[in-house]
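Visitor: Pasted the sequence and its predicted model underneath.
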Amino acid sequence: MPNLDFYAVGRDFDPVLDFVFNRTGCRVFESYSECDNEIREFKSAADLSRAYRIGECEHSSQSVLLQLVPPGADSLFHIKHIKLQPKTGYKYRYAIEGWGLIQLYLGGLSPLGVVHSHTNHNSEKRADAWQDTISYLGSAGTWDWKQVTRISSALNRYIRTKLAVSVKFGRPVLPEAAKALEAGNKALGVAIE
(Lines give C-alpha, C1' and ligand atoms only; values in the text may rest on other atoms or scores of the structure.)
Protein backbone atom coordinates (compact mmCIF):
# COMPACT_ATOMS: atom_id res chain seq x y z
CA MET A 1 0.00 0.00 0.00
CA PRO A 2 1.58 3.33 -1.02
CA ASN A 3 0.10 5.56 1.69
CA LEU A 4 1.00 5.92 5.34
CA ASP A 5 -0.54 8.12 8.01
CA PHE A 6 1.60 8.66 11.11
CA TYR A 7 1.90 10.93 14.13
CA ALA A 8 4.99 13.13 14.49
CA VAL A 9 5.71 16.27 16.50
CA GLY A 10 8.72 18.59 16.82
CA ARG A 11 12.05 16.75 16.58
CA ASP A 12 10.28 13.68 15.14
CA PHE A 13 10.50 15.36 11.74
CA ASP A 14 14.32 15.55 11.79
CA PRO A 15 15.01 11.89 10.85
CA VAL A 16 12.07 11.84 8.41
CA LEU A 17 13.44 14.86 6.55
CA ASP A 18 17.00 13.57 6.79
CA PHE A 19 15.83 10.39 5.05
CA VAL A 20 14.00 12.35 2.35
CA PHE A 21 16.84 14.76 1.58
CA ASN A 22 19.78 12.40 2.01
CA ARG A 23 18.58 8.91 1.10
CA THR A 24 15.88 9.12 -1.58
CA GLY A 25 17.60 11.18 -4.28
CA CYS A 26 14.33 13.09 -4.73
CA ARG A 27 13.93 16.77 -5.46
CA VAL A 28 11.63 18.36 -2.87
CA PHE A 29 9.06 21.04 -3.73
CA GLU A 30 6.22 22.69 -1.87
CA SER A 31 2.88 21.42 -3.21
CA TYR A 32 1.52 24.94 -3.69
CA SER A 33 3.32 28.26 -3.82
CA GLU A 34 2.42 31.16 -1.63
CA CYS A 35 0.12 33.60 -3.42
CA ASP A 36 1.85 35.81 -6.00
CA ASN A 37 5.08 33.80 -5.67
CA GLU A 38 6.90 31.12 -7.60
CA ILE A 39 6.86 27.55 -6.32
CA ARG A 40 9.89 26.74 -4.15
CA GLU A 41 12.28 23.81 -4.27
CA PHE A 42 14.11 22.88 -1.08
CA LYS A 43 17.63 21.46 -1.03
CA SER A 44 17.79 20.53 2.68
CA ALA A 45 15.79 20.30 5.89
CA ALA A 46 17.40 23.57 7.01
CA ASP A 47 16.24 25.21 3.78
CA LEU A 48 12.70 23.94 4.42
CA SER A 49 12.68 25.10 8.05
CA ARG A 50 13.59 28.63 6.95
CA ALA A 51 10.42 28.68 4.81
CA TYR A 52 7.96 26.86 7.12
CA ARG A 53 7.23 26.36 10.79
CA ILE A 54 7.51 22.58 10.50
CA GLY A 55 5.17 20.81 12.88
CA GLU A 56 3.28 23.93 13.96
CA CYS A 57 -0.26 23.38 12.73
CA GLU A 58 -3.29 25.62 12.60
CA HIS A 59 -6.53 23.88 13.53
CA SER A 60 -6.42 20.39 12.00
CA SER A 61 -4.40 21.21 8.86
CA GLN A 62 -0.92 19.87 8.20
CA SER A 63 1.98 22.29 8.66
CA VAL A 64 3.77 21.61 5.35
CA LEU A 65 2.63 20.01 2.06
CA LEU A 66 5.50 18.64 -0.03
CA GLN A 67 5.89 16.80 -3.33
CA LEU A 68 8.91 14.59 -3.97
CA VAL A 69 10.17 14.25 -7.54
CA PRO A 70 11.98 10.92 -8.01
CA PRO A 71 15.39 10.86 -9.73
CA GLY A 72 15.12 10.94 -13.50
CA ALA A 73 11.68 12.57 -13.52
CA ASP A 74 12.85 16.17 -13.95
CA SER A 75 11.09 16.55 -17.29
CA LEU A 76 7.93 14.68 -16.29
CA PHE A 77 6.32 16.97 -13.72
CA HIS A 78 4.32 20.10 -14.47
CA ILE A 79 4.16 23.46 -12.66
CA LYS A 80 0.57 24.66 -13.01
CA HIS A 81 -0.28 28.37 -12.96
CA ILE A 82 -3.46 29.05 -10.98
CA LYS A 83 -5.20 32.36 -11.59
CA LEU A 84 -6.86 33.64 -8.43
CA GLN A 85 -10.08 35.61 -8.12
CA PRO A 86 -9.54 39.38 -7.68
CA LYS A 87 -11.56 39.32 -4.45
CA THR A 88 -8.75 37.29 -2.83
CA GLY A 89 -6.38 40.23 -3.17
CA TYR A 90 -3.89 38.06 -5.06
CA LYS A 91 -3.31 37.36 -8.75
CA TYR A 92 -1.86 33.83 -8.93
CA ARG A 93 -0.12 30.90 -7.32
CA TYR A 94 1.43 27.67 -8.58
CA ALA A 95 1.00 23.96 -7.94
CA ILE A 96 3.29 21.08 -8.86
CA GLU A 97 1.64 18.11 -10.58
CA GLY A 98 2.78 14.80 -12.01
CA TRP A 99 1.67 11.20 -12.16
CA GLY A 100 4.55 9.78 -10.14
CA LEU A 101 5.09 12.48 -7.52
CA ILE A 102 5.30 11.29 -3.92
CA GLN A 103 3.32 13.34 -1.43
CA LEU A 104 4.70 14.06 2.04
CA TYR A 105 2.38 16.11 4.22
CA LEU A 106 3.84 17.00 7.61
CA GLY A 107 1.42 17.32 10.51
CA GLY A 108 2.48 18.25 14.02
CA LEU A 109 0.90 19.91 17.00
CA SER A 110 -2.04 22.31 16.92
CA PRO A 111 -4.19 23.83 19.67
CA LEU A 112 -6.69 21.04 18.87
CA GLY A 113 -4.22 18.16 19.24
CA VAL A 114 -1.73 16.12 17.21
CA VAL A 115 -2.32 16.44 13.46
CA HIS A 116 -1.38 13.33 11.46
CA SER A 117 1.32 13.32 8.79
CA HIS A 118 0.79 11.52 5.49
CA THR A 119 2.68 9.97 2.58
CA ASN A 120 1.20 8.68 -0.66
CA HIS A 121 1.64 8.37 -4.42
CA ASN A 122 -0.44 7.36 -7.42
CA SER A 123 -0.37 3.79 -8.56
CA GLU A 124 0.55 3.10 -12.18
CA LYS A 125 -2.94 1.65 -12.72
CA ARG A 126 -4.68 4.79 -11.39
CA ALA A 127 -2.41 7.09 -13.42
CA ASP A 128 -3.09 5.06 -16.60
CA ALA A 129 -6.84 5.31 -15.98
CA TRP A 130 -6.72 9.12 -15.62
CA GLN A 131 -4.08 10.10 -18.20
CA ASP A 132 -6.61 10.81 -20.96
CA THR A 133 -8.68 13.02 -18.64
CA ILE A 134 -5.68 15.06 -17.49
CA SER A 135 -3.75 14.97 -20.75
CA TYR A 136 -1.44 17.93 -20.02
CA LEU A 137 0.43 15.71 -17.55
CA GLY A 138 1.54 13.48 -20.41
CA SER A 139 1.76 9.73 -20.50
CA ALA A 140 1.76 7.90 -17.18
CA GLY A 141 3.93 5.26 -18.83
CA THR A 142 6.94 7.60 -18.96
CA TRP A 143 7.36 7.44 -15.16
CA ASP A 144 9.58 4.77 -13.60
CA TRP A 145 6.87 3.23 -11.42
CA LYS A 146 9.20 0.67 -9.84
CA GLN A 147 11.36 3.52 -8.61
CA VAL A 148 8.38 5.58 -7.38
CA THR A 149 7.10 2.58 -5.42
CA ARG A 150 10.57 1.68 -4.12
CA ILE A 151 11.24 5.19 -2.77
CA SER A 152 7.76 5.59 -1.28
CA SER A 153 7.87 2.13 0.30
CA ALA A 154 11.35 2.74 1.74
CA LEU A 155 10.17 5.98 3.36
CA ASN A 156 7.08 4.32 4.81
CA ARG A 157 9.08 1.33 6.05
CA TYR A 158 11.65 3.61 7.69
CA ILE A 159 8.92 5.52 9.54
CA ARG A 160 7.08 2.34 10.60
CA THR A 161 10.02 0.15 11.59
CA LYS A 162 12.86 2.50 12.55
CA LEU A 163 11.19 5.61 13.96
CA ALA A 164 7.83 4.60 15.45
CA VAL A 165 7.67 3.73 19.14
CA SER A 166 4.00 2.72 19.18
CA VAL A 167 0.82 2.57 17.12
CA LYS A 168 -2.41 4.50 17.75
CA PHE A 169 -5.54 4.00 15.63
CA GLY A 170 -3.45 1.86 13.29
CA ARG A 171 -0.95 4.69 12.73
CA PRO A 172 2.73 4.68 13.68
CA VAL A 173 3.56 7.14 16.47
CA LEU A 174 7.02 8.72 16.63
CA PRO A 175 8.66 9.49 20.03
CA GLU A 176 7.77 13.18 20.50
CA ALA A 177 4.23 12.56 19.27
CA ALA A 178 3.92 9.72 21.80
CA LYS A 179 4.86 12.16 24.58
CA ALA A 180 2.35 14.72 23.30
CA LEU A 181 -0.41 12.10 23.21
CA GLU A 182 0.51 10.81 26.67
CA ALA A 183 0.30 14.41 27.93
CA GLY A 184 -3.37 14.46 26.91
CA ASN A 185 -3.27 15.91 23.40
CA LYS A 186 -5.96 14.48 21.15
CA ALA A 187 -5.00 12.42 18.06
CA LEU A 188 -6.59 14.23 15.12
CA GLY A 189 -7.50 12.83 11.71
CA VAL A 190 -9.31 9.66 12.76
CA ALA A 191 -13.00 8.86 12.66
CA ILE A 192 -13.02 7.29 16.13
CA GLU A 193 -11.14 9.23 18.78
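Guide: All right, it came through fine.
Visitor: Break down the chain into its strands, ranges please.
Guide: Secondary structure of the chain (DSSP state E): strands located at 4-6, 27-30, 41-42, 64-69, 78-83, 92-97, 102-106, 108-110, 113-115, 117-121, 166-168, 171-173.
Visitor: Mean neighbour count, those: which tops it?
Guide: strand 113-115 (a mean of 25; mean count of other C-beta atoms under 10 Å). Every residue, glycine included, has its C-beta placed from N, CA and C.
Visitor: For that one, which outside residues touch it?
Guide: Contacts to strand 113-115, defined as C-beta atoms under 8 Å, 6 or more residues apart in numbering, come from residues 7, 9, 57, 60-63, 107-109, 177, 180-181, 185-189.
Visitor: can you rerun that using 10 Å?
Guide: Counting by C-beta atoms under 10 Å, 6 or more residues apart in numbering, strand 113-115 makes contact with 7-9, 55-63, 105-109, 168, 173, 176-178, 180-181, 183-189, 193, all of which sit outside it.
Visitor: so for that strand, what's the average pLDDT?
Guide: Mean pLDDT, taken over the full extent of strand 113-115, equals 96.
Visitor: chain center to it, what's the gap?
Guide: Centre-to-centre, strand 113-115 and its host chain are 16 Å apart (C-alpha atoms, centre = their mean, to the nearest Å).
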